[in-house]
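Asks: quick one, fold the following:
(one chain, ligands or ions: 1)
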Amino acid sequence: MEPADVRDDLTEVLLTEQQIHEKLAEISRRIETDYAGRSILLVGVLRGAVMVMADLARELKSPEVEMDWMAVSSYGAGTQSSGVVRILKDLDTDLTGRHVLIVEDIIDSGLTLSWLRANLESRGTASVEICALLRKPDAAKVEVDVRYVGFEIPNAFVVGYGLDYAEKYRNLRAIGILAPHVYT
Ligand code: IMP
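Replies: Numbering: from 1, shown residues only. Predicted structure coming up:
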């Protein structure tokens with residue numbers, strides 16, 4: 001769906017579908033250069049990263065690109081992520097000697113990703129890097145080195161392009177700021 005289909009639920013459109021696609025193309029060119037001659041295992045974090053994964057993977061101009069998926073849940077008080085993570089769905093791929101690129105939708109506290117990276121590194125990978133479409137300011141508080149970041153965004157609750165509120169709005173083509181009346 002388009003932003004116009006949920007106009008009343010958004011305070012603003014932060015990123016259009018075109019801006020997102022241009023950014024993913026730009027990041028893909030960097031990935032192609034950085035991983036030249038090596039095969040990549042893209043690891044998507046369900047469910048938010050589905051759209052980023054689909055578009056990033058198709059933008060990469062090499063057959064040496066595999067995809068696998070993980071689902072994790074982060075325990076925390078209320079909306080605050082604690083960094084204590086449980087694996088709900090693990091990878092099917094053996095990571096020994098693999099160059100892994102974690103694909104994420106958004107980094108907020110960064111706690112989930114920092115745990116995930118350490119977990120994957122402990123499986124004998126050749127390398128583990130992170131690609132996130134969006135990063136919020138709080139991510140700066142945690143030492144998590146993110147190699148590829150699409151956009152730095154303000155500390156607002158955003159939906160669309162895979163990002164949800166109560167499992168809705170993931171199918172919005174753009175990314176928008178959710179209007180407070182939707183969640184209050
Ligand atoms: P953290 O970096 O461990 O705090 O957790 C990041 C996760 O929180 C993301 O993968 C999203 O699922 C969720 N999240 C954080 N900010 C937002 C937002 O603005 N909209 C939707 N989901 C969000």
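
Asks: CA atoms for contacts and neighbours, from now on please.
Replies: Noted.

Asks: and for the residue lying closest to residue 138 once chain neighbours are set aside, the neighbour number?
Replies: Of all residues not flanking residue 138 in the chain, residue 109 sits nearest, at 5.5 Å (Cα to Cα, 6 or more residues apart in numbering). By the criterion of other Cα atoms under 10 Å, residue 109 has 21 neighbours.

Asks: contacting residues for residue 90?
Replies: By Cα atoms under 8 Å, 6 or more residues apart in numbering, the contact set of residue 90 is 69-71.

Asks: repeat that with 7 Å
Replies: 70-71 (Cα atoms under 7 Å, 6 or more residues apart in numbering).

Asks: and the pLDDT for it?
Replies: Here the pLDDT value assigned to residue 90 is 98.

Asks: please, where are all the helices along the chain?
Replies: 17-34, 50-59, 111-121, 180-183 (DSSP state H).

Asks: would you confirm that the residue nearest to residue 138 contacts residue 143?
Replies: No. Taking Cα atoms under 7 Å as the definition, residue 109 is not a contact partner of residue 143, at 10.2 Å.

Asks: next up, the contacts around residue 60.
Replies: Counting by Cα under 7 Å, 6+ apart, the residues that residue 60 touches are 28, 32.

Asks: and it, backbone torsions?
Replies: In terms of degrees, to the nearest 10, the main-chain angles of residue 60 are phi -70, psi 130.

Asks: and residue 28, what does it touch?
Replies: Counted by Cα under 7 Å, 6+ apart, residue 28 has contacts 56, 59-60.

Asks: from the residues you listed, which is closest to the ligand?
Replies: residue 56 (16.8 Å; Cα to the nearest ligand atom).

Asks: what residues does this protein have near the ligand?
Replies: Contact residues (Cα under 6 Å from any ligand atom) of the chain with the ligand: 48, 81, 105-112, 156-159, 163-164.

Asks: spatially central residue for this protein, please.
Replies: Centroid-nearest residue in the chain: residue 104, 1.5 Å away (criterion: Cα atoms, centre = their mean).

Asks: leaving out chain neighbours, which residue sits closest to it?
Replies: Closest residue to residue 104 apart from its sequence neighbours, by Cα to Cα, 6+ apart: residue 132 at 4.6 Å.

Asks: quick check: that neighbour touching residue 103?
Replies: Yes. Look at residue 132 against residue 103 with Cα under 7 Å: they come within range, at 6.0 Å.

Asks: what bridges to residue 176?
Replies: On the basis of DSSP bridges, residue 176 takes part in beta bridges with residue 13, residue 159.
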